Every structure is written in C-alpha cells, then in structure tokens.
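Sequence and computational prediction follow.
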Amino acid sequence: MNWEPVIGLEVHAQMLTDTKIFCGCSTLFGSKPNTQTCQICIGMPGVLPVLNRKALEFAVRTGLATNCTIAKQSRFARKNYFYPDLPKGYQISQYEQPICEHGHLEIVVDGEVRRIGITRIHMEEDAGKNIHEGTGGFSYVDLNRTGVPLMEIVSEPDIRSPKEAAEYMRKLRSIVRYLGVCDGNLEQGSLRCDANVSVRPAGQKEFGTRAEVKNINSFRYVEKAIEYEIKRQIRVIEDGGRVVQETRLWDANKGITESMRSKEEAHDYRYFPDPDLVPIMVDQKQIEKIRAALPELPDAKRHRFVKAFGLPENDADMLTAERSTAEWFEAAVRAGAQAKAAANWIMGDLMKLLNEENRSIDDCFIKPLQLAGMLQLIDKGTISGKIAKSVFDEMYKTGRDADAIVREKGLVQISDTSEIEQVVDEIIARSPKEVERFRAGDEKLLGFFVGQAMKATKGKANPQMLNDLLKKKLS
C-alpha cells in the first residue's frame with residue numbers, strides 16, 4: 001500500500017528577554033543551579049505573577065512575521081500536571097485564547113513552494129530541569145529555567161515529508177533570529193521541536209493515529225526522527241498491529257524512537273483561566289507600531305537580492321538565511337564590491353573558514369569594506385584570483401587590508417607582456433617532447449605549461465595573458 005505521512009510540529013522558542021516571563025529573575029544560560037530563582041518562579045504561596053511586557057511584544061512580532069491574526073484580547077491559563085521540575089504543580093500557558101492564530105509561512109522543497117499553516121502561537125513559562133546523571137544515584141532539580149518565557153508555535157498538520165519538516169524548522173529559526181526574539185540555539189534548547197507524526201493510505205482524508213516525538217535538538221535529527229517514526233508506524237500497521245497514541249523519545253545514538261508514556265489528551269490537563277493574571281488587551285495602534293518596526297524578513301530580502309543584484313535563487317537563499325550574513329553582504333556591495341563576486345567569496349572561502357572555527361560572521365576579523373578592497377585589486381589586475389586566495393587567508397587571520405598584505409609580500413600580479421613571454425619561451429625551450437605532443441593534438445598539456453609558468457612566477461603571472469601567449473607560441 002502507498003502510505004502518506006501527516007506531520008505537524010510544535011516548536012518552543014525561548015524569547016530573548018533579560019528576565020523571566022512573570023518575575024525579575026535573570027534568564028542567563030549556564031548559571032549555577034538554582035541561583036536564578038525567586039518566590040514567584042518557584043511558586044511560593046501568596047505571590048502574584050506580572051507579565052513581562054517585552055515577552056508580549058516578542059510574541060506579537062513573531063505572529064505578524066508569520067501572517068497570524070493578533071488577538072485583541074487573550075489570556076493565560078493553568079495547565080495542571082505533576083512533575084518534579086514544575087514547582088507550582090501547574091504551568092502558566094495559554095489555551096482557549098492564544099495571542100496569535102491562523103498564520104502561515106512558505107517553504108521551498110525540491111523547487112516546489114509549500115505553504116505550511118500555523119494554528120497558533122501562544123506564550124507560556126518553561127519548566128525546570130531534572131538532573132539524573134552524575135548524582136550518585138539521586139535525582140536533582142534545577143529551577144533556573146522555571147519561568148523562562150517561551151513561545152509555542154504550533155503548525156497545522158500540513159507537512160508531508162521529513163525534508164519538509166526540517167525545512168520548516170530552518171525557516172522558522174531564520175525568522176525568529178531576524179526578528180531578534182530568539183537566538184535559535186538548538187544545542188542549548190532555546191529552540192526545541194516536538195513532532196506529531198501519523199500515516200494514512202494515500203488519498204484517505206481521515207488522519208491516522210499520531211505519536212508525538214520529543215527530544216529533537218537539530219535539523220538533521222528532525223529529519224531522521226520523523227523518517228524513522230514514519231517507517232515504524234507503517235511497519236506496525238502492515239504487520240497487523242495498531243499504532244497507539246503516545247509520546248516517544250528520539251534516541252540519537254540508536255537512531256530510533258522509544259516509547260515514553262501514553263499520550264495525554266488536552267482535557268487531562270484541566271485547563272482553566274489563571275485567576276492571578278488579568279486578560280491581555282492589545283489594541284490596533286500597538287499592533288501597527290510593532291508591525292512598523294519589523295525588519296525586512298528572509299523572503300522579502302531574498303526576492304530583493306535576486307531582483308536588485310541579479311543573484312541566482314540558490315545564492316540569495318544562502319545569503320539571507322542569517323540576517324547578519326545578508327547585512328554583511330550588502331555592506332560589501334555598498335563598499336564597491338561586485339555583487340556576484342562578493343557572494344561567491346562569502347559563500348565559499350569565508351563560510352568555510354568560519355565553519356572550521358565554529359565562529360559567526362559577526363566575529364570575523366575581515367570587514368565588508370576589506371573584502372570590497374580585495375575584489376577591486378582583482379578587478380584592476382593587481383592580483384590574480386589565485387593570489388587572492390592566499391591574501392584572503394591572511395586577511396582572515398590578521399584583519400589587515402588586502403593592499404597592505406600584497407605590498408608586504410610582493411604579490412603584485414605580473415602583467416608585463418615581455419616578462420611573461422620570456423618565462424613562456426624558457427619553458428617551451430626545455431619541454432620539446434611536451435610541445436610536440438601538444439601540437440599533435442594533446443591539448444590537455446596546456447595545463448602543464450600553465451602550471452610550469454605559474455611555478456616560475458610564484459603564481460603571479462596574469463592568467464589571461466599567460467594563456468593567450470602560450471596558445472600563440474604553441475600553435
């Protein structure tokens with residue numbers, strides 16, 4: 001039977017506020033356990049939470065960027081369950097009245113544009129963290145994360161493949177990073193994903209029984225975990241079994257999902273409006289003020305790069321995936337760099353060096369103006385593309401300007417015809433067998449002569465002049 005997967009993602013994004021959602025405790029990552037807590041976030045009796053205004057603004061900003069309707073009135077609810085890392089015995093979240101609803105974003109997979117609906121975006125507080133390893137047989141609870149502000153972004157079940165799911169996650173991460181509302185760090189858990197996965201016979205309208213897969217902390221694992229779960233469910237059904245609704249954990253080491261617990265339905269959480277928090281009122285004036293402050297988002301920037309700079313779609317995709325990279329590229333073009341040449345150097349040599357050192361473009365020693373300066377040296381014929389590679393490496397290490405490196409190391413390109421001709425004549429004179437083979441039709445030997453000439457000139461011969469002279473002399 002031909003099976004069709006149905007996938008929906010629940011993405012938790014930690015908001016980049018300095019303080020927690022209902023109190024003034026710090027949200028700084030990596031602090032000593034239980035040092036960022038107070039009576040409010042650990043749920044002491046009689047305390048009253050107060051909503052962080054910045055968290056509300058971030059949620060509205062994200063809703064607008066994902067084409068959601070912003071609720072003029074929303075409110076918080078208590079989600080009741082018992083777990084050691086939840087000190088109040090309930091989580092403050094939103095249920096019947098979320099802040100954002102009915103949005104969408106578009107992804108491109110294998111050249112096809114797919115629109116993925118967004119059911120809702122709601123605010124909630126994070127829980128703490130249970131620590132089981134290295135504790136001498138005991139389990140401990142760290143409540144530093146308790147009360148950290150989250151947005152839960154819930155997609156419609158519109159995703160039809162693991163590849164689409166990973167692309168949706170990448171797009172969402174790009175958007176929240178552009179907006180400055182979340183750093184998108186999957187390793188630290190500031191962007192987390194749960195996947196709801198089911199399968200059904202192709203053409204069937206009714207959904208199958210879904211399983212929720214948790215503990216997915218990279219784009220690669222989003223794809224692998226969903227792929228495994230789809231195959232598992234198909235295997236269960238085809239073997240005569242029945243898929244049960246449950247929560248499963250992705251084990252990256254084994255490459256499998258494993259059952260964690262039977263899935264609780266929403267009504268089991270006994271939601272009810274939080275009596276300590278008044279309804280949230282957002283008027284149209286506030287919404288429009290936030291909308292006016294939105295940055296140019298990835299899709300709009302990508303389209304502009306294609307139209308204004310004549311870049312291929314793939315180049316524009318890569319350059320606009322991160323806001324800092326897109327702005328770096330534009331700064332280089334404003335400084336005088338040709339757009340396509342700048343794009344090639346950024347996507348190639350620069351990204352390679354940054355990735356090797358796990359650094360961001362913001363930490364790069366080379367500035368956009370310096371790349372533009374190096375490209376102008378190439379355009380003028382002062383250095384060749386090959387020499388530029390070594391110049392660029394030195395720029396990356398030291399942050400020095402290209403022209404200073406070229407002068408110091410004597411790397412100016414040789415463009416004197418007589419000087420290059422002398423080198424060519426010497427190589428031809430000492431390579432009679434190769435000359436004879438070339439003239440007999442072995443044209444691949446041109447590379448041999450070019451290599452010899454470049455070796456003799458330490459890579460400084462003008463490549464175009466060298467090729468023209470060799471072809472003339474060898475014909």
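Now that the structure is in, tell me what you want to look at.

Which positions in stretch 65-78 come out as buried?
Of all the residues in stretch 65-78, those buried under the rule 16 or more other CB atoms under 10 Å are 65-66, 68, 70-71, 74-78. For every residue, glycine as well, the C-beta is placed using N, CA and C.

Now, the residues you listed that are in strands?
70, 74, 77-78 (DSSP state E).

Closest one of those residues to Y396?
For those, the minimum distance to Y396 (CB to CB) is 44.2 Å, reached by I70.

So what pairs up with the closest one in the strands?
C100 (DSSP bridges).

Show the contacting residues for it.
60, 63-64, 99-100, 282, 287 (CB atoms under 8 Å, 6 or more residues apart in numbering).

mind redoing it with 6 Å?
Contact analysis of I70 by CB atoms under 6 Å, 6 or more residues apart in numbering lists 60, 63, 100, 287.

Tell me which two of the buried residues of stretch 65-78 sit farthest apart.
Distances among the buried residues of stretch 65-78 were taken as CB to CB; the most separated pair is A65 and R78, at 28.7 Å.

could I get the buried residues of stretch 65-78 as TSV with distance to P201?
Output for the buried residues of stretch 65-78, formatted as TSV (distance: CB to CB, whole Å):
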residue	distance to P201
A65	36
T66	32
C68	33
I70	39
A71	38
S74	39
R75	41
F76	41
A77	37
R78	40
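
Export these to CSV and append columns for distance to S31 and pLDDT.
Putting the buried residues of stretch 65-78 into CSV (distance: CB to CB, whole Å; pLDDT from 0 to 100) gives the following:
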residue, distance to S31, pLDDT
A65, 30, 98
T66, 31, 98
C68, 33, 98
I70, 34, 98
A71, 34, 97
S74, 31, 97
R75, 31, 97
F76, 26, 98
A77, 29, 97
R78, 27, 96
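
And those residues, which is closest to D315?
A65 (23.4 Å).

surely the closest one meets R177?
No: under the criterion of CB atoms under 6 Å, A65 makes no contact with R177, lying 11.1 Å away.

which residues in the stretch 201-350 of the chain form helices?
For the stretch 201-350 of the chain, applying DSSP state H, counting those that start in this stretch gives helices covering 219-238, 284-292, 298-309, 313-320, 323-334, 339-345.

what about the third one, distance to the chain center?
Put plainly, it is helix 298-309. Relative to the centre of its chain, helix 298-309 is centred 18 Å away, using CA atoms, centre = their mean, to the nearest Å.

So, low pLDDT: which residues of this structure?
Where the chain drops to pLDDT under 70, the residues are 263-267, 413-414, 416.

with the buried residues of stretch 65-78 in mind, which one is nearest to A402?
Lowest distance from A402 to these (CB to CB) belongs to A65, with 38.2 Å.

list the contacts for the closest one?
Residues in contact with A65, defined by CB under 6 Å, 6+ apart, are 175, 179, 297.
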